[in-house]
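# Whatever this is, show me its structure:
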Amino acid sequence: MITLHQFQTFATVAKHLNVSNAAAELHVTQAAISNSLNALQKEYKTRLYKKHSHGIELTAAGNIFQSHIKGILSRVQKLNNDFNVKFSKHETQSLTVGGNFSSSASILPRLLTVFKKTHPQVRLSLRTSNRVDIERMVLKSDVEIAVINSLPQSPHLVSEPYRKESLVVFASRKYPLARKRFLTVHDFTHTSVIVRQVEGGRGQKYTPVIVRRIKDACSQTAGIPSQIAPRSKSNIVLQCGTPDAVKVAVKNKLGIGVLFEANVKAEIRNGDFKRLELRGVNLEGQSHIIYLKDRPLSDNAQAFLALLRRNR
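The predicted model follows:
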């Protein structure tokens, strides 16, 4: 199915005649641009552009196509403008933002506070849940824009890379491993681990994958090639639905926990938990901004998106 978003993508590429510049303007990857262009060519069964050393050049068919979609996009913009002018004065302005547990504990509350100061007339709501639930809310238009800690699964969503998010391994100060300054490969793979359980798009568990990645990184740090590293029995003893449940289990010394830093930062700072260092292991994840492809963002959502981009 061809979408307005794909028309807008083509129009932006036609303006720059350069995929990289178009991707920068739209805040998407070059691969996303190429996918949209290829989908249009496949749908209309014609070549719309050709590549050269400095960018791209529209074909004769591409120029005709551009003139058609320019009119379509112009009419859509006029419809949006007329609708907003006619109805915005009679409706309460609102904006619903979504976030997974990590972003809702860190960046989103601060940015919503900043946004409220410049948009006092807007009623703001923050919905918090796991990635799957937040994606579903955006697809159902219950949430207009959101920040999640992994790539969305739905092809109907726009995704922009946002910020690097650090994962933390932590323990109760009374847990035996808390006496150590650094964890070894043996420490991590032979102690009980407590994680968040998050269903992925096909039912896979997200955080246990992270734990396996940590194990592989630990093995490589120790000089053991990942392909011959011993595959020990899973030491995940508990998978919890929320970060708070993970922290309760760790507090009761059921094992060490793995969470995004924002979810446990306050407790580590207050001394309730100790952060356990895994030397030489990169514990970073990537968060993403998401919103619907086929529905133009409201003026308030566009303003909040601009605020997010300024605070990457």
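
# sec struct for the closest residue to Ile2 other than its chain neighbours, please.
Of all residues not flanking Ile2 in the chain, Glu43 sits nearest, at 5.2 Å (Cβ to Cβ, 6 or more residues apart in numbering). Where C-beta positions appear, they are placed from N, C-alpha and C, glycine not excepted. Classification of Glu43 using DSSP: H, G, I helix; E, B strand; the rest coil returns helix.

# thought Glu43 was touching Thr3?
No. Taking Cβ atoms under 8 Å as the definition, Glu43 is not a contact partner of Thr3, at 10.5 Å.

# Name the helix or strand for Pro155, please.
Using DSSP states H and E, Pro155 sits in no helix or strand.

# which residues of the stretch 201-312 of the chain fall in helices?
For the stretch 201-312 of the chain, the helices defined by DSSP state H, counting those that start in this stretch cover 206-221, 243-251, 261-270, 299-310.

# ok, back up a step: what about the residue nearest to Ile2, distance to Phe65?
Separation of Glu43 from Phe65 (Cβ to Cβ, to the nearest Å): 11 Å.

# Between those two, point out the one with more neighbours.
Phe65 (22 against 11; other Cβ atoms under 10 Å).

# Please pull out the lowest mean pLDDT helix or strand from this protein.
helix 206-221 (a mean of 57; mean pLDDT, DSSP states H and E).

# So which elements touch the longest strand along the chain?
Counting by DSSP state E, the longest strand found in the chain is strand 157-172. Counting contacts by 3 or more Cβ pairs under 8 Å, 6 or more residues apart in numbering; DSSP states H and E, strand 157-172 packs against helix 131-139, helix 243-251, strand 256-260, helix 261-270, strand 273-275, strand 284-292.

# Packing partners of the second one?
Using 3+ Cβ pairs under 8 Å, 6+ apart as the contact criterion, the neighbours of helix 243-251 among helices and strands are helix 101-105, strand 157-172, strand 193-196, strand 236-240, strand 256-260, helix 261-270, strand 273-275.

# cool, the last one as well?
Taking 3+ Cβ pairs under 8 Å, 6+ apart as the contact definition, the neighbouring helices and strands of strand 284-292 are helix 131-139, strand 145-148, strand 157-172, helix 299-310.

# again with the longest one
Judged by 3+ Cβ pairs under 8 Å, 6+ apart, helix 261-270 is in contact with helix 101-105, strand 157-172, helix 243-251, strand 273-275.

# mind listing what's buried in the second one?
Read it as strand 157-172. Applying a neighbour-count criterion of 16 or more other Cβ atoms under 10 Å, one finds 157-160, 162-163, 165, 167-172 buried in strand 157-172.

# Tell me the strands beside that strand, with direction?
Sheet pairing for strand 157-172, assigned by DSSP bridges, gives strand 256-260 (antiparallel), strand 273-275 (antiparallel), strand 284-292 (antiparallel).

# Give me the angle between that strand and helix 131-139.
Angle between the axes of strand 157-172 and helix 131-139 is 150 degrees (criterion: axes from the mean of the first three to the mean of the last three Cα atoms, to 10 degrees).

# what's the spacing between Arg163 and Gly241?
24 Å.

# go on, Val158?
28 Å.

# same deal with Thr118?
36 Å.

# do Ile256 as well
For Ile256, the distance to Gly241 - Cβ to Cβ - is 19 Å.

# low-confidence ranges in the protein?
Along the chain, segments meeting pLDDT under 70 span 1, 83-92, 198-234, 280.

# I'd like the distance from the top helix by length along it to the chain centre, please.
Of all the segments of type helix in the chain, defined by DSSP state H, the longest one is helix 60-87. Put simply, helix 60-87 sits 30 Å off its chain's centre (Cα atoms, centre = their mean, to the nearest Å).

# So which elements touch the helix or strand following that helix?
Remark: after helix 60-87, the chain's next helix or strand is strand 94-99, criterion DSSP H and E. Counting contacts by 3+ Cβ pairs under 8 Å, 6+ apart, strand 94-99 packs against helix 107-118, strand 123-128, helix 131-139, strand 145-148, helix 299-310.
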